[in-house]
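1. From the sequence below, what's the structure:
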Amino acid sequence: MANFNKVYLMGNLTRDPEMRVTPKGTAICQFGLAISRSWKDESGQTREETAFVDIEAWGKQGEVISKYCTKGRPLFVEGRLKFDQWEDKTSGQKRSKLKVVLENFQFIGGRGDGAPGAAGASEPAEGSSGDAPPASRSPSKGPAVSKDTVDEDVPF
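-> Below is the predicted model of the structure:
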């Protein structure tokens, strides 16, 4: 029997990402994502519900999310479901949790959407060492050219 485990979510971070490192040096970033859905009920009133999902990002992707994302930032996440089970050390009860293990992500919106250096600043945020994530880095090969200054007789 074939299996398929893929999740696509777009929402806002519910808290600042929490970064940890394993004894072998692998980064683990954990954060929550709130995904809202609106619909009209039978009486025509608009209703809304929000799902809260725990996300776990490993390695370099976790480091990037931890560095550039804060509470409220919109994020698109691609991942897989993982079901964890354990026994509570204090009560001895069996516990479980369904979460998403991040496989890929994309920043949504601009820098003013809850990111460090808000207000659409084009300079790196204070303390960010000037490194922008690859998705938001713009090429800087000479001066910017607007459509109005381009010569229409250029053969290419």
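2. got the buried residues for stretch 43-56?
-> Buried residues in stretch 43-56, counted by 16 or more other C-beta atoms under 10 Å: Val53, Ile55, Glu56. Quick note: C-beta positions are derived from backbone N, CA and C, even for glycine.
3. Next step: the residues you listed restricted to strands.
-> Val53, Ile55, Glu56 (DSSP state E).
4. low-confidence ranges in the chain?
-> 111-156 (pLDDT under 70).
5. roughly how far apart are the closest residue in space to Lys82 that isn't next to it in sequence and Gly44?
-> Residue nearest to Lys82 in three dimensions, not counting chain neighbours: Val101, with 4.9 Å by C-beta to C-beta, 6 or more residues apart in numbering. Counting by C-beta to C-beta, to the nearest Å, the separation of Val101 from Gly44 is 40 Å.
6. Tell me where this protein has strands.
-> Here the chain has its strands, by DSSP E, at 7-13, 18-21, 27-40, 46-58, 74-87, 94-107.
7. Listing partners with orientation, what would you give for the fourth one?
-> In the sheet containing strand 46-58, the strands it pairs with under DSSP bridges are strand 27-40 (antiparallel), strand 94-107 (parallel).
8. which outside residues touch that strand?
-> Around strand 46-58, the neighbours that count as contacts under C-beta atoms under 8 Å, 6 or more residues apart in numbering are 9, 11, 14, 17, 26-41, 65, 77, 79, 82, 97, 99-102, 105.
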